[in-house]
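Trainee: Here is my input; please provide its structure:
(chains A, B, C and D)
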There are 2 protein chains.
Amino acid sequence: MREKTTKRKPAARSYHHGDARNALLAAAAGLLEKVGAAGLSLRQVAERAGLSRQAPYNHFEDKEALLAELAREGFDRLGASLSVGGEPQAEMALERAADAYIRFARQAPALFRLMFSRELVDLSRFPTTARTAASAFDKLVQIVAAFAPPERVKELSLAAWSLVHGYATLCIETGLEGEELRARRARLFARIIRTDADDKRTAKLSPCPSVAGGP
Amino acid sequence: MREKTTKRKPAARSYHHGDARNALLAAAAGLLEKVGAAGLSLRQVAERAGLSRQAPYNHFEDKEALLAELAREGFDRLGASLSVGGEPQAEMALERAADAYIRFARQAPALFRLMFSRELVDLSRFPTTARTAASAFDKLVQIVAAFAPPERVKELSLAAWSLVHGYATLCIETGLEGEELRARRARLFARIIRTDADDKRTAKLSPCPSVAGGP
DNA sequence: CCCCAAATATTGACGGCGTCAATATACCAG
DNA sequence: CTGGTATATTGACGCCGTCAATATTTGGGG
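Mentor: Sure, this is the predicted structure:
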């Protein structure tokens, strides 16, 4: 049913106003931070986009598919924010990435939750979103690889990700700390990872296997 | 219409069968891991407890209140698991706490999500649950205080919590790693925190203010 | 140019949800 | 026994996701 004997749409744009899909995504993104991912309803999204109740089903298989697309955009933005600027000194790269990660979660907490909520969107159904997520994580791995001994890159990037993700999550979910501590925490976390990477005692330990493939 | 004029079990406390509240909580806890916190409906809970659809409202103000009570029980169990056994050597305490934390999240992922999901239960509405959560976190602070210099206890316990919480969250939300790596990761995380606590370079830094009150 | 198959859009309907209102029942104090 | 109160049930409302049927728009081939 996808393509037949003839050519398809003139590519870029769609039939009517061509905009429906983007209008729905924009409406959903706007509503998301107001009502939360759980409270977001397709009917509100459609109305806000000026379309009928059933319009989302012309462009997305179901509600979860629309949420998955929002999540994909989120991972795209997050990944981009982790690698801004060159890498003048690998020194600061980790700290800046941590800061960007925390900032992202604070600026769009509902989107951040959505991106990491298996109950709301099961990434095994949406490989494109899953790949975008993996690519964002890979940015972090590269940053760690710039200073860590090769055999410790996996566990150290795992620890770095856990540390920053845990802090961001706890901040938005429990109100743990205020935004004003973001820079300080980013510095602390980066230093913790660096300190462990430089530690001589641990160098000879951990033959440690793999991190195994993500989602 | 259930049964008529005969008497009920006098039971412990309440009037009819006295057990309705606990039956509802048990039913909810059982369903939680099957359908997830978002998918859990009060109507299913009531039916599973053998009660009418409206029964939950006799014992809980609304759905969120029932979820908050489930979360409280969860924080109670989590807190208890963090302080099992004496503290023979503060050496192992952090590693064992990390292991217990990860194990908890893996054994009851839906409950774990619920406990840390502001969208599902807003702890500012439920101070009892909030206090139980704070008490669990305090266990971690005490463990860190056993080996860290006093002026670094706050930031190091914050880092330890973030590290372990982030790892546990990523595991259950993204299928990052399998259960078989739990013990190894707990050791890694404990070592990272200890290494930073022992690091001489960082000792003179960080005049660092407070962590500020939790939720 | 016109008309048609396909893509897109809308309305109706169904079952499930949380929760309010009204009602019925069981318990204990007096 | 009686009355008041805590508990339990049923009915109703509006919102939800989604299926089915229908209407409308579109671009391309006669």
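Trainee: Need the three-state assignment for the residue nearest the centre of chain A.
Mentor: In chain A, the residue lying closest to the centroid (C-alpha atoms, centre = their mean) is A:F75, at 3.1 Å. When classified by DSSP: H, G, I helix; E, B strand; the rest coil, A:F75 comes out as helix.
Trainee: Same check on A:V121?
Mentor: Here A:V121 is recorded as coil under three-state DSSP.
Trainee: And for it, the neighbour number?
Mentor: 23 (other C-beta atoms under 10 Å in any protein chain shown). C-beta coordinates here come from the backbone N, C-alpha and C atoms, glycine included.
Trainee: mind checking pLDDT for it?
Mentor: Note on A:V121: pLDDT of 96.
Trainee: quick one: what helix or strand has the closest residue in space to A:L176 that isn't next to it in sequence in it?
Mentor: Nearest residue to A:L176 in three dimensions, chain neighbours excluded: A:L170, at 4.6 Å (C-beta to C-beta, 6 or more residues apart in numbering or on different chains). Per DSSP states H and E: A:L170 is located in helix A:153-174.
Trainee: and if you look at A:T195?
Mentor: helix A:182-198.
Trainee: which residues sit against that helix?
Mentor: Outside helix A:182-198, the residues that touch it by C-beta atoms under 8 Å, 6 or more residues apart in numbering or on different chains are A:94-96, A:98-99, A:102-103, A:106, A:144, A:147-149, A:152, A:156, A:159-160, A:163-164, A:167, A:177, A:202, B:155, B:158-159, B:162, B:191-193, B:195-196, B:199, B:201-202, B:206, B:208.
Trainee: again, but for stretch A:131-144
Mentor: With C-beta under 8 Å, 6+ apart, stretch A:131-144 has contacts from A:71-72, A:75-76, A:78-79, A:82-83, A:87, A:90, A:93-94, A:97, A:115, A:123, A:153-154, A:156-157, A:160-161, A:193, A:197, A:214-215, B:174.
Trainee: run the last query once more with 7 Å
Mentor: Residues outside stretch A:131-144 that contact it (C-beta atoms under 7 Å, 6 or more residues apart in numbering or on different chains): A:72, A:75-76, A:78-79, A:82-83, A:93-94, A:97, A:123, A:153, A:156-157, A:160-161, A:214.
Trainee: what about the residue in chain A that chain B sits nearest to, how many residues close to it?
Mentor: In chain A, the residue that lies nearest chain B is A:G166 (2.5 Å; C-beta to the nearest C-beta). By other C-beta under 10 Å, 24 other residues sit near A:G166.
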